[in-house]
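Participant: Compute the structure for the input listed below.
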Amino acid sequence: MPTTDRPFPLEPTPVHVPDEILDDLRRRLELTRWPDDVGNEDRYYGVDAVYLRELVEHWRTGYDWRKAEAAINAYEHYHVDIDGVPVHFMRRPGTGPDPTPLILTHGWPWTFWHWSKVVDPLADPAAHGGDPAEAFDVIVPSLPGFGFSSPLPRHPGMNFWKVADVWHTLMTDVLGHRRYAAAGCDVGALVCGQLGHKYAGELYGIHIGSGQKLTMFNGDRAWDLSGGRPIPDGLPAHVHARVVELDRRFAAHLAAHVLGPSTLAYGLTDSPAGMLAWILERWIKWSANDGDVETVFTKDDLLTHAMIYWVTNSIGTSIRTYANNNRYPWTPSHDRWPRVEAPTGITFVAHENPPGVTTADRVQHFLDSDRAPWYNHVNLTVHERGGHFIPWEIPEEWVDDLRRTFRGRRHD
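Facilitator: Residues are numbered from 1 along each chain as shown. This is a model prediction of the structure:
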């Protein structure tokens, strides 16, 4: 029976933020106390005050949450409780003869809305120049403790491999699918990897935006990508520069989130400008924007994603995920190889090329690495365009890559 012929088992509930939360936000923005930021025009010290002030002023006087909320509510939204874990998800029913259930998982500082550019083409390919036989019934949850999947009082130790168990229950027990597809980026790629490891027999496959080992956060120094090693002497200048660039992109982020998320959360929870600065730095550094983040995200885009964290008071629990990935290390559910037995497609982008690796060599570099044996990889693709937020930055390429991963794998 086509999935769309079966009654959906839940009643939708539109997203709605009460007026008093928006009023409180406006007052906090008006009362922002700014630090001195002399000599930071080149952003050597972090986000510069000139651009942050411009964004905050737009947030206070020009941004319209109700308009964003209406766009979000053009899709179906549901809320369920799975063993004490609150789960919000957006759904776009598939349009085709037999849509395949697909769950999309975001990362940090992503929100479920980062998938908004690919949801319609995936659900209704015929309306976007594709084959209706490749339609998906698209489920886009907010990670537990993120956005509208909050608050999370009963599961303070939530992490990526625990989310995989929640997602599997959602897709099978709650929504009634015997098999399904999964895709994700950032932390969402780890969630998909765990699904492909533990539940491979119930998946058509996974498509992810990176191919990290599931042990990525294990160990005493998971916050240090260098493993405590100095930069080797004698590297070519461009390779040395790339090592330094990636350190500046990720080192403070990982160290703060793994080692002190609650300390950081007090400030980010109390100040919308402070919260925006912290996540804005990731959007600026991680997207491929040639120095202008607004070529990737408009001001309204940036603020809609920020709002999803702010109005739900979920920035603290979202950050804690990193510490929990380390505190509760991943352990295998079986000893077979590849660890991720589900057929796996991976999309790489040049903005994340490792030091000394060209885009042309990126796939071979992965195949030669100790990460390749972890995956039953069936579709590896690299793109010159696009940054960390792949489905937002290059949605057409992501959709093509994902369809190719699942082509010929949709039926039992």
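Participant: When you work out contacts or count neighbours from here on, use the C-alpha atoms and nothing else.
Facilitator: Noted.
Participant: where does this protein dip in pLDDT?
Facilitator: 1-5, 412 (pLDDT under 70).
Participant: can you give me the helices in it?
Facilitator: 19-30, 49-61, 65-72, 116-123, 160-169, 187-198, 237-259, 261-270, 272-286, 299-310, 315-327, 362-367, 390-393, 395-406 (DSSP state H).
Participant: from those, which stretch is densest packed?
Facilitator: For the helices of the chain, average neighbour numbers computed from mean count of other C-alpha atoms under 10 Å are highest in helix 187-198, which has a mean of 27.
Participant: contact partners of it?
Facilitator: With C-alpha atoms under 8 Å, 6 or more residues apart in numbering as the contact definition, helix 187-198 has outside contacts at 104-108, 160-161, 163-165, 168, 182-184, 203, 205-212, 214, 333-334, 339-343.
Participant: Near Ser333, how many other residues are there?
Facilitator: Using other C-alpha atoms under 10 Å, Ser333 has 11 other residues around it.
Participant: that older thread, mark which of the contacts of helix 187-198 are part of strands, please.
Facilitator: The strands, defined by DSSP state E, take in 104-105, 182-184, 203, 205-208, 340-343 from these.
Participant: Quickly name whichever of those residues is closest to Pro151.
Facilitator: If you rank these by distance to Pro151 using C-alpha to C-alpha, Thr105 comes first, at 18.5 Å.
Participant: The closest one is in contact with Trp167, isn't it?
Facilitator: No. Taking contacts as C-alpha atoms under 8 Å, Thr105 lies outside contact range of Trp167: 9.4 Å.
Participant: shared neighbours of the two, which are they?
Facilitator: With C-alpha under 8 Å, 6+ apart applied, the contact sets of Thr105 and Trp167 do not overlap.
Participant: related to what we said a few turns ago, now which of the contacts of helix 187-198 would you call buried?
Facilitator: Among these, those classed as buried by 16 or more other C-alpha atoms under 10 Å are 104-108, 160-161, 163-165, 168, 182-184, 203, 205-212, 214, 339-343.
Participant: what about stretch 84-98, how long is it end to end?
Facilitator: Distance between the two ends of stretch 84-98: 33 Å, counting by C-alpha to C-alpha, to the nearest Å.
Participant: how far out from the middle of the chain is that stretch?
Facilitator: With C-alpha atoms, centre = their mean, to the nearest Å as the basis, stretch 84-98 stands 17 Å off its chain's centre.
Participant: Can you list the buried residues in it?
Facilitator: Those would be 85-96, 98, for stretch 84-98 by 16+ other C-alpha under 10 Å.
Participant: show me what contacts Trp283?
Facilitator: Neighbouring residues of Trp283 by C-alpha under 8 Å, 6+ apart: Pro109, Val293.
Participant: Quickly note the distance from it to Leu303.
Facilitator: Trp283 sits at a distance of 12 Å from Leu303 (criterion: C-alpha to C-alpha).
Participant: Run a quick neighbour tally on Asp42.
Facilitator: By other C-alpha under 10 Å, 9 other residues sit near Asp42.
Participant: From the buried residues of stretch 84-98, pick the one nearest Ala277.
Facilitator: Ala277 lies nearest to His88 out of these, by C-alpha to C-alpha, at 25.9 Å.
Participant: tally of neighbours for Pro35?
Facilitator: Neighbours around Pro35, by other C-alpha under 10 Å: 7.
Participant: Same question for Asp83.
Facilitator: Using other C-alpha under 10 Å, Asp83 has 10 neighbouring residues.
Participant: quick one, what contacts it?
Facilitator: If you count contacts by C-alpha under 8 Å, 6+ apart, Asp83 has none.
Participant: one more time with 10 Å, if that's ok
Facilitator: Applying C-alpha atoms under 10 Å, 6 or more residues apart in numbering, we find Asp83 in contact with Arg154, His155, Val166, Thr169.
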